[in-house]
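[1] Take this sequence and fold it.
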Amino acid sequence: MQNSLVIGSGRVGLAFTNELTTLNYEVLNIGVRAQSELRQIFDELCKFDTIFWCARDAGTPDNETNCEGIFLDLLKQIKLSSWKGLFVFLSTAGEIYGDSNDFESLEESSVNPTSLYGERKLSHEKKISKTSIQVGFSVLILRISNIYELNTEDQGIVGAILRHLVRQESLTIIGGHQERDFILLSDVAKIAIKLAEKNCESLFNIATGFPKSILNLVSLFENTLDEKAEPLLLGDFYGVVTSNFSIAKMASEIEDLPRNIDSVVKLYFQKPN
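    Predicted coordinates:
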């Protein structure tokens, strides 16, 4: 992992780049919109020991953030160059496994993609695995639960709750009893790099193991910030109700497990004595 290539310049790619830099690795981060630079890099893949795919390679074909074409082009170039390194592919857990119900989804569990995004991520997992067998490089696939950042710029429900409590922006919640496993982005980067350092060649769930309902999440922030939330609650939620992922395989490889959102929030917003 002396020389790493991080593809994707969004929040995930930058988090990985920052963590690798902190650990004194040589790292190049490049966004998928930098077409000419990407083509040049693709011609020089032999310089890199590890590739971290952190870009959005799935979704509807007409979505401007979808970069499936770049992903497939990269696989072609890996074949042409007979690249022999470690490819770390960031996938999704919830949208591949579907509803966990009362069980933990294991890496070996049956899958039930809930969206086109999940279907394509699963398809790309299979493509990268097949290519690795053909070419002879290593693959580490990470099925990640719900990533969040603890700030008002967060793109998900955590950011929406914070903006509601801090900026008094409106907050709309459909249902609220659906459970998600929230994992801090910086923890994802740390764990992924540790697995890569150990040369793990497998599929891993990356989660905390502590799913939490949306309404309980709101209560957590209310109690921690000592603010009252007034969300607009709309009807029933139709979709994946429970996302619950086994982290036993991950725990067998690393000691420092990701923190659950309760401990992160309480630590971050703790009041000085």
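
[2] Show me what the host helix or strand of residue 223 is packed against.
    Using DSSP states H and E, residue 223 sits in helix 214-225. For helix 214-225, the packing partners by 3 or more C-beta pairs under 8 Å, 6 or more residues apart in numbering; DSSP states H and E come out as helix 157-167, strand 172-174, helix 261-268. All C-beta spots, glycine's among them, are computed from the backbone N, C-alpha and C.

[3] cutoff 10 Å now
    Contact analysis of helix 214-225 by 3 or more C-beta pairs under 10 Å, 6 or more residues apart in numbering; DSSP states H and E lists helix 157-167, strand 172-174, strand 179-180, strand 212-213, helix 261-268 as its packing neighbours.

[4] if I pick residue 185, what's in contact with it?
    11, 12, 14, 15, 16, 19, 144, 147, 148, 149, 150, 154 (C-beta atoms under 10 Å, 6 or more residues apart in numbering).

[5] just the residues you listed now: which is nearest residue 242?
    residue 144 (17.0 Å; C-beta to C-beta).

[6] Quick check: the closest residue to the closest one other than its chain neighbours vs residue 250, distance?
    Distance criterion C-beta to C-beta, 6 or more residues apart in numbering; nearest residue to residue 144, sequence neighbours excluded, is residue 206 at 4.5 Å. Taking C-beta to C-beta, to the nearest Å as the measure, residue 206 falls 6 Å from residue 250.

[7] Residue 127 against residue 72, yeah?
    Yes: counting by C-beta atoms under 10 Å, residue 127 touches residue 72, with 7.7 Å between them.

[8] out of those two, which sits in the more crowded spot?
    residue 127 (16 against 13; other C-beta atoms under 10 Å).

[9] one step back: residues contacting the helix holding residue 223 from elsewhere in the structure, which ones?
    Outside helix 214-225, the residues touching it (C-beta under 10 Å, 6+ apart) are 148, 157-158, 160-162, 164-166, 171, 173-180, 182, 212-213, 227-229, 231, 233, 237, 261-262, 265-271.
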